[in-house]
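Visitor: sequence first, predicted coordinates after that:
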Amino acid sequence: MLRYLPFLLILALTIYTFIDCLNTPEAEVKHLPKVVWVIIILLFSIVGPVAWVFAGKDRAASGGGRARRTQWVAPDDNPEFLKSLREEQEKKDRDDRDKDKD
């Protein structure tokens, strides 16, 4: 069983890099077009996947920090959304006070 381990590891690396390459947006692919990377990964069983891991994709900088987000993940992270909620609540409070005065 142990003699199959290197083959299985190479197969797993090839499958991982193939799927990673297909899911990577074209803007993040470096040096070559995405189609060429797919061909390299599939034709060169060890060199292709290793080349993709190290040179094919823009990776987040390894500084220990989190990558900067370009889109809002949740509404509570969006200052515009929070501002609109605040304005709605203030309007509701004003309406309630006006009703109480009458």
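Guide: Thanks, I have the structure now. Residues are numbered from 1 along each chain as shown.
Visitor: going forward, measure contacts and count neighbours with C-alpha atoms only.
Guide: Noted.
Visitor: what about the longest helix in this protein?
Guide: helix 79-101 (DSSP state H).
Visitor: next one: that one to chain centre, how far?
Guide: The chain centre lies 36 Å from the centre of helix 79-101; the measure is C-alpha atoms, centre = their mean, to the nearest Å.
Visitor: check what pLDDT the spatially most central residue of the chain gets.
Guide: The chain has T24 as the residue nearest its centroid, 8.6 Å off, counting by C-alpha atoms, centre = their mean. Reported pLDDT at T24 in the predicted model: 89.
Visitor: can you check the one 3 residues further on too?
Guide: pLDDT for A27: 83.
Visitor: give me the number of residues near it?
Guide: 10 (other C-alpha atoms under 10 Å).
Visitor: do the same with L9
Guide: 12.
Visitor: and T17, by the same measure?
Guide: Neighbours of T17 (other C-alpha under 10 Å): 23.
Visitor: now it. Nearest residue, chain neighbours left out?
Guide: P49 (5.7 Å; C-alpha to C-alpha, 6 or more residues apart in numbering).
Visitor: ok but the one you found is inside a helix, no?
Guide: Yes. Counting by DSSP: H, G, I helix; E, B strand; the rest coil, P49 is part of a helix.
Visitor: my guess is it contacts I19, does it?
Guide: No. Judged on C-alpha atoms under 8 Å, P49 makes no contact with I19 at a distance of 10.8 Å.
Visitor: looking at these two, which is more packed in?
Guide: Counting neighbours by other C-alpha under 10 Å for P49 and for I19 shows that P49 has the greater number, 27 against 12.
Visitor: next one: that one from A12, what distance?
Guide: 10 Å (C-alpha to C-alpha, to the nearest Å).
Visitor: any low-confidence regions in the chain?
Guide: Applying pLDDT under 70 to the chain flags residues 60-73, 75, 102.
Visitor: for this structure, what spans make up the helices?
Guide: Counting by DSSP H, the helices of the chain are 5-23, 34-43, 47-51, 79-101.
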